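**Student:** take a look and give me a structure for this.
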Amino acid sequence: MHVAHLTLHDFRSYADLDVALEPGATAFIGRNGQGKTNLVEAIDYLSRLSSHRVATDTPLVRAGADQAIVRASVVKEGRTALLEVELNPGRANRARINRSPLPRPRELIGLVRTVVFAPDDLTLVKGDPSDRRKFLDDLLVLRVPRLAGVRSDYDRILKQRNSLLKTAGVARGGSRDAAMSTLEIWDDNLARVGAELLGARLQLVEDLRPYLGKAYEAVARGASRDDADLDYRASLEVAGTDDLQQALLDAIATRRKDELDRGISLVGPHRDDLLLTLGTGPDPGDLRLPVKGYASHGESWSFALALRLASYDLLRADGDDPILVLDDVFAELDVERRNQLAQLVAGAEQVLVTAAVAADVPDALQGVRFVVADGQVTRDE
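**Tutor:** Numbering: from 1, shown residues only. Next up is the predicted model:
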């Protein structure tokens, strides 16, 4: 899979842009603030309908414009499709395939797959649990696009249930009885949709684990594939995946008083975390420590890179070669790790690299080069 052509209209710093791309390695070289990351961000947005840099769509629309358009010709197995998304902050976005409107923009998700390496990836290791949950859910949706709807449904149910918990917590008499009766309906909804999301995450962690060990061995000096591991830390006791819905209902019942006192939902996938550990081997007696708080800066970087590489390898094993985006990561790495990473990804069908200095791009990724300056993207012949 690769992007053959990218068109932007009022996206970030670009009023209008058309650029032809090729398979293999492509580097966008330019000083900070010139717009090189905006290019790869647009391609990644088509993949997930969200940015790896900001939480909302508003910053993606050029100042003074009402909407932005991202359009790309994507080639997969010899067939070309034209994918387009129209960003309308404050209003519903719209999406098209081959000029035909889609009923819902999220039907675009997964048609092009990207894996992005960026300096902010360190938050996967050092950041909040929400960063790691987002990592899991983004990867889930790329593998199984229909889970975008499950995740959206869960967020909606959670918002409604939290609102009802606040109301029920302060209500009295008949009003409280009515609120508690309604709350039971939302308990069922949360458990039903939450069980599907939780089950999918648990399976994803199992699928990702062997790829993580292999990737960490490749990027960390002197490491073995048994050093890095990950486990899913749920907000309830999970003994297998046979009846997660009932397990969630039981946990909700146990925490009922606490939830009413605090006015928030204390059980569910929104309270879970991904535990990342480093150790000396796979045996139960081996010492394993959380990466967050114990790993050095270099180990943390290696683990973050390994998570992205593992994601790439897992998607590739599913039968699709994702587009790799290396967004200004080489400036964060020493020469040895630059070359290691480059060798690992050089065989991808399409690799898009951004760098402030051309010398930062390793030899293994020397392909097509564009210079990005003053809002212009020019191929360097």
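**Student:** residues touching the helix or strand hosting Arg156, excluding its own?
**Tutor:** Counting by DSSP states H and E, the element that carries Arg156 is helix 147-170. If you take C-beta atoms under 8 Å, 6 or more residues apart in numbering as the criterion, helix 147-170 is touched by 49, 106, 109, 137, 140-141, 176, 179-180, 182-183, 186-187, 189-190, 193-194, 196-197, 200, 259-265, 268-270. C-beta here means a position set from N, CA and C on the backbone, and glycine is covered the same way.
**Student:** for the residue positioned nearest the centre of the chain, helix, strand, or coil?
**Tutor:** The centre of the chain sits closest to Asp138, judged by C-alpha atoms, centre = their mean, with a distance of 3.7 Å. Three-state call for Asp138 (DSSP: H, G, I helix; E, B strand; the rest coil): helix.
**Student:** you'd agree it is up against Ser51?
**Tutor:** No. With contact defined as C-beta atoms under 8 Å, Asp138 does not reach Ser51; the gap is 11.2 Å.
**Student:** what is the longest helix anywhere in the chain packed up against?
**Tutor:** If you go by DSSP state H, the chain has its longest helix at helix 173-219. Counting contacts by 3 or more C-beta pairs under 8 Å, 6 or more residues apart in numbering; DSSP states H and E, helix 173-219 is packed against helix 129-143, helix 147-170, strand 228-233, helix 244-254, helix 297-317, helix 335-345.
**Student:** and these, which is most packed in?
**Tutor:** The highest average neighbour count among the helices and strands packed on helix 173-219, using mean count of other C-beta atoms under 10 Å, belongs to helix 297-317 at a mean of 22.
**Student:** list the contacts of that helix.
**Tutor:** 113, 115-117, 121-122, 124-126, 135, 139, 142-143, 207-208, 211-212, 214-216, 218-220, 223, 228, 276, 278, 291, 295, 322, 324, 329, 332-333, 337, 341, 344-345, 348.
**Student:** where in the stretch 151-300 of the chain is pLDDT low?
**Tutor:** 171-174, 240-241, 280-286 (pLDDT under 70).
**Student:** can we see that at 50?
**Tutor:** For the stretch 151-300 of the chain, applying pLDDT under 50 flags no range at all.
**Student:** ditto for the stretch 1-150 of the chain
**Tutor:** Ranges of the stretch 1-150 of the chain meeting pLDDT under 50: none found.
**Student:** can I see the domain layout of the chain?
**Tutor:** 1-113+321-381, 122-319 (automatic domain parsing).
**Student:** gap between the two ends of the last one?
**Tutor:** Just to be clear, that refers to domain 122-319. End-to-end distance of domain 122-319 (C-alpha to C-alpha, to the nearest Å): 28 Å.
**Student:** now swap in stretch 276-291 and tell me
**Tutor:** End-to-end distance of stretch 276-291 (C-alpha to C-alpha): 6 Å.
**Student:** all helices for the stretch 1-150 of the chain, in order.
**Tutor:** 36-48, 123-126, 129-143, 147-170 (DSSP state H, counting those that start in this stretch).
**Student:** what would the last one look like as CSV? C-alpha coordinates only.
**Tutor:** This means helix 147-170. Extracted C-alpha coordinates of helix 147-170, given in CSV (Å, rounded to 0.1, in the frame of the first residue of the first chain):
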residue,chain,number,x,y,z
LEU,A,147,-14.4,-1.1,16.4
ALA,A,148,-14.3,2.7,15.7
GLY,A,149,-18.1,2.5,16.2
VAL,A,150,-17.7,0.5,19.4
ARG,A,151,-15.3,3.0,20.8
SER,A,152,-17.6,5.9,19.8
ASP,A,153,-20.6,4.1,21.4
TYR,A,154,-18.7,3.5,24.6
ASP,A,155,-17.6,7.2,24.9
ARG,A,156,-21.2,8.3,24.4
ILE,A,157,-22.6,5.8,27.0
LEU,A,158,-19.9,6.8,29.5
LYS,A,159,-20.7,10.5,29.1
GLN,A,160,-24.4,9.8,29.7
ARG,A,161,-23.8,7.5,32.6
ASN,A,162,-21.5,10.0,34.3
SER,A,163,-24.2,12.7,34.0
LEU,A,164,-26.7,10.4,35.5
LEU,A,165,-24.4,9.4,38.4
LYS,A,166,-24.0,13.1,39.3
THR,A,167,-27.8,13.5,39.2
ALA,A,168,-28.5,10.4,41.2
GLY,A,169,-25.9,11.3,43.8
VAL,A,170,-27.7,14.4,44.9
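**Student:** what angle do that helix and helix 129-143 make?
**Tutor:** 140 degrees (axes from the mean of the first three to the mean of the last three C-alpha atoms, to 10 degrees).
**Student:** okay, the angle between helix 147-170 and helix 36-48?
**Tutor:** 90 degrees.
**Student:** quick one: helix 147-170 to chain centroid distance?
**Tutor:** 22 Å (C-alpha atoms, centre = their mean, to the nearest Å).
**Student:** what's the angle between that helix and helix 173-219?
**Tutor:** 140 degrees.
**Student:** okay, the angle between helix 147-170 and helix 244-254?
**Tutor:** Using the same axes, to 10 degrees: helix 147-170 against helix 244-254 is 20 degrees.
**Student:** between the helices and strands packed on helix 173-219, which one is closest to Ile29.
**Tutor:** Of all these, it is helix 335-345 that lies closest to Ile29, at 15.1 Å by C-beta to C-beta.
**Student:** pretty sure Ala195 contacts Leu249?
**Tutor:** No. Here Ala195 lies out of contact with Leu249, judged by C-beta under 8 Å, at a distance of 9.2 Å.
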